[in-house]
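# my questions concern the predicted model and sequence given below.
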Amino acid sequence: MRIALYEPDIPQNTGTILRLAACLGVKAHIVEPTGFPSSDRAFRRAGMDYLDQVSIVRHSSWQAFEAWRRPKGLRLILFTTSAAVSYLDHGYRPDDVLMFGRESAGVPDAVHAAADVRLLVPMRPGLRSINVAMVAAMALGEAMRQTNGLRNE
């Protein structure tokens with residue numbers, strides 16, 4: 001199981017997701033550019049004390065991420081408010097890549113089109129969205145529950 005963040009905007013959310021990845025032992029992929037300084041040095045300066053415990057893979061662009069993912073045959077699971085299927089109604093596999101979009105804009109159409117599966121966290125009508133770090137925790141928790149905590153490096 002892997003987490004991927006598409007051009008994250010908010011450093012606090014990214015830090016929370018990286019801490020989640022560290023604690024649960026999954027790799028975190030960041031598709032750049034980010035909306036904030038995201039070097040290891042900048043993360044350390046921001047108090048990211050789990051940085052040594054998380055495996056972060058940086059991709060310089062969406063194209064670079066796809067060039068890494070596609071040859072490996074990894075399934076891209078996109079979490080989006082525009083999906084029709086609940087994350088609870090999906091069967092996860094240990095080699096899935098769970099992708100979460102930018103807090104301000106989600107992901108562009110090309111990313112939607114490339115996703116093998118699009119899922120949502122059902123919520124009450126009239127509300128915009130759940131915090132991305134919360135969705136990542138919910139999604140990763142369900143995916144790991146279904147796969148008995150199996151991780152694929």
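Structure's in. What do you need? None of these values were measured; they are calculated from a predicted model.

# surely residue 92 touches residue 149?
No. Checked against Cβ atoms under 8 Å, the pair residue 92 and residue 149 is beyond contact range at 11.4 Å. The C-beta positions use only the backbone N, C-alpha and C, and glycine is treated the same way.

# the two: which is more packed in?
residue 92 (22 against 13; other Cβ atoms under 10 Å).

# mind telling me what element the residue nearest to the more buried one when sequence neighbours are not counted is part of?
Distances taken as Cβ to Cβ, 6 or more residues apart in numbering place residue 143 nearest to residue 92, at 4.0 Å, with adjacent residues excluded. Using DSSP states H and E, the element containing residue 143 is helix 132-146.

# please name the bridge partners of residue 86.
On the basis of DSSP bridges, residue 86 is bridged to residue 120.

# check contacts around it.
119-122 (Cβ atoms under 8 Å, 6 or more residues apart in numbering).

# quick check: next helix or strand after the helix or strand bottoming out on mean pLDDT in the chain?
Sorting the helices and strands of the chain by mean pLDDT, DSSP states H and E puts helix 40-45 at the bottom, at a mean of 68. The helix or strand immediately downstream of helix 40-45 is strand 56-59, counting by DSSP H and E.

# show me where pLDDT drops low in the protein?
Scanning the chain for pLDDT under 70 picks out the ranges 42-47, 150-153.

# Three-state assignment for the residue lying closest to residue 28 once chain neighbours are set aside, please.
In space, and not counting its chain neighbours, residue 28 is closest to residue 21: 4.1 Å by Cβ to Cβ, 6+ apart. The three-state label given to residue 21 by DSSP: H, G, I helix; E, B strand; the rest coil is helix.

# please name the nearest non-neighbouring residue to residue 36.
Counting by Cβ to Cβ, 6+ apart, residue 11 is the residue found nearest to residue 36 once chain neighbours are left out, at 4.4 Å.

# count the residues that sit near that neighbour.
If you count neighbours by other Cβ under 10 Å, residue 11 ends up with 17.

# that one contacts residue 18, correct?
No. With contact defined as Cβ under 8 Å, residue 11 does not count as touching residue 18 (10.1 Å).

# hang on, the earlier thing: list the buried residues of the helix holding residue 143.
For helix 132-146, burial by neighbour count (16 or more other Cβ atoms under 10 Å) applies to 132-133, 135-136, 139-140, 142-144, 146.
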